[in-house]
Each structure stands twice: as C-alpha cells, then as structure tokens.
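A.B. asks: got a predicted model here, sequence first, then my questions.
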Amino acid sequence: MPMSRTTILTLPTLLALFATQLAACAPTVFDDATALAVVGDPPPLPAPPPPPPPPEPEPEPPKRVVVEDNKITITEKIQFDLDKATIRPESDGLMAEIISVIKENPHIKKIAIEGHTSSEGTDRHNLKLSDARAKAVMDYLVKKGELPKEMFTAKGYGETRLIADESTEEGKEKNRRVEFNIVEQDVTKKKVEIDPKTGQKKVVEESTSTVANPSPETPSEAAAGGADAPAPAADPAKAAK
C-alpha cells in the first residue's frame, strides 16, 4: 500500500498563516481622509456671501438753465466773439439747454431777451453792442431751436442796468450778460377742499389764465423816463470797448 504524505506545520508557520488571514479580513485604511465614504446625506454647504451693494449713482451735474418765477436763469454766460455779436461755438451746449427748457415749459408764452454790457466803452457803442447780442440770441433760438419768433423780444440796455461793482474786472465781467425775462405766461389756479369722508385734499376747481409780467426796470431808468428813453450821448472820455 502506498503511504500518504503528511504535512507537518510548525508553530511559526501556523502563526504566519494566521496573520495572513487576519490581514485579509481587516478594513481598508486610506491615508487621504477625503477618500472615505460618507454614509447618509452630506452636510449642507454654507450660504454664499451676500452680493456687494450696487454702486452709488453718479450725481447729476448741476443744471445750467432754471426757470425761476418770472426769469429763466442761466448759471453760465453766453460767450461772444470780442466786441461782436457772434455767439461762440463753446456756447452751443448752453444754448441747446436753453431751447430744451423753453420747450419743456409750455406755460411760458413770451420772453424778453435783454443784452447788457459793462461801463467800458462809450454809452452809444455799448447800447448798440448789447442790442445786437440780444438779437443774435433770439435768432439762434428761432432758427436752431425752431421756436416761434413772436415768442421773443430782444433789446440791449448797454450799461444802464449794472448788477456788480465796476471797480474790479470780476464786477465788469458779471455786468456783461444776457438775461431772459418771462413777460407772459399761463398761470393755473386750483381750488382745493378737504374731503370729509377721506380727509384727503381734492381739487374742486381749476382755471388757467395768461398773466403779463412787465420787464423789470431799475429806479434810475424809471426816473429817466423808462427803458425806452433815448440813449445818452456818447462820452468821448471813455475808451472804445
């Protein structure tokens, strides 16, 4: 009979085999903790930061043309060629604003355009120059602004309506100007009552009428016979403008 082969395992061999079996059953360990499986729902992500506030709007540039009671006030001067009645190109923007303001205020019916100078030059020359400049402004508004000519009158007053001290160049510069006086406009009157049920105001009557506002006169002009008085004689002591 053939003899069976018997394998004899020593104790070290058994221990090594047992350790191998234990290692096969042990859990897998990862060096990178982010690779571990997550059981259940993941925690919610943190809320995103709020968006930055919108930038502040750019401030509007100050208006150069404003309607005030019986006047259209301009905060910049209309520029003319030296000693002439030609409006310079740099004033085109200002003139466009004047046209827009007039069109945006249909209650304005008639405007008196007044030209003024400093006291430099002869009285007669200043009167003629200021008159020509006032008419140049009127023509600009009518031709380029397509405004009705009958809406305007234009007149020069020379140096008869000074508004600043002539002892300084700054004062003389202020006196050289063009003004816009509203001499006729529609005025709306409203009669308002309190509603006893709601306590709110309500308009119960409204009427519109055309009001004439005379062009302002200085006391010296009134004493001399008004703005239509003839120009004083030329003073030869004054230098030409």
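C.D. replies: Structure received. Residues are numbered from 1 along each chain as shown.
A.B. asks: and the helices in the chain?
C.D. replies: Ranges of helices in the chain, per DSSP state H, are 11-25, 92-104, 123-143, 169-175, 219-224.
A.B. asks: pLDDT on the last one, on average?
C.D. replies: In this model, helix 219-224 carries a mean pLDDT of 40.
A.B. asks: hmm, residue 88 is touching residue 80, no?
C.D. replies: Yes: if you go by C-beta atoms under 8 Å, residue 88 and residue 80 touch, sitting 6.3 Å apart. Glycine gets a C-beta too; all of them are placed from N, C-alpha and C.
A.B. asks: higher neighbour count, those two?
C.D. replies: residue 80 (20 against 12; other C-beta atoms under 10 Å).
A.B. asks: how near is the more buried one to residue 173?
C.D. replies: The gap separating residue 80 from residue 173 is 13 Å, by C-beta to C-beta, to the nearest Å.
A.B. asks: same deal with residue 134?
C.D. replies: Applying C-beta to C-beta, the value for residue 134 to residue 173 is 18 Å.
A.B. asks: which one's more surrounded, those two?
C.D. replies: More neighbours surround residue 134 than the other of residue 134 and residue 173, with 25 against 12 (other C-beta under 10 Å).
A.B. asks: quick one, what contacts the more buried one?
C.D. replies: For residue 134, the contacting residues are 113-115, 154-156, 178, by C-beta atoms under 8 Å, 6 or more residues apart in numbering.
A.B. asks: remind me, longest strand of this protein?
C.D. replies: Assignment by DSSP state E gives strand 177-194 as the longest strand of the chain.
A.B. asks: how far off helix 123-143 does that one point, in degrees?
C.D. replies: 50 degrees (axes from the mean of the first three to the mean of the last three C-alpha atoms, to 10 degrees).
A.B. asks: starting at the chain centroid, how far to strand 177-194?
C.D. replies: Taking C-alpha atoms, centre = their mean, to the nearest Å, one finds the center of strand 177-194 at 24 Å from the center of the full chain.
A.B. asks: and it with helix 92-104, angle?
C.D. replies: 30 degrees.
A.B. asks: and strand 177-194, what other elements does it pack with?
C.D. replies: Applying 3 or more C-beta pairs under 8 Å, 6 or more residues apart in numbering; DSSP states H and E, we find strand 177-194 packed against strand 71-74, strand 108-116, helix 123-143, strand 201-212.
A.B. asks: other SSEs contacting the first one?
C.D. replies: On a contact count with 3+ C-beta pairs under 8 Å, 6+ apart, strand 71-74 meets strand 65-68, helix 92-104, strand 177-194.
A.B. asks: in this structure, which ranges drop under the pLDDT threshold?
C.D. replies: 1-39, 204, 214-241 (pLDDT under 70).
A.B. asks: switch to 50 and redo it
C.D. replies: 1, 218-241 (pLDDT under 50).
A.B. asks: could you dump the helices and strands packed on strand 71-74 into TSV with mean neighbour count and distance to residue 48 added?
C.D. replies: Formatted as TSV, the helices and strands packed on strand 71-74 follow (neighbours: other C-beta atoms under 10 Å; distance: least, C-beta to C-beta, whole Å):
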stretch	mean neighbour count	distance to residue 48
strand 65-68	14	47
helix 92-104	16	46
strand 177-194	15	53
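A.B. asks: returning to what we had before: so which of the contacts of residue 134 wins on neighbours?
C.D. replies: In terms of neighbours by other C-beta under 10 Å, those top out with residue 115 at 29 neighbours.
A.B. asks: hmm, it is touching residue 176, no?
C.D. replies: No: using C-beta under 8 Å, residue 115 is not in contact with residue 176; the gap is 9.2 Å.
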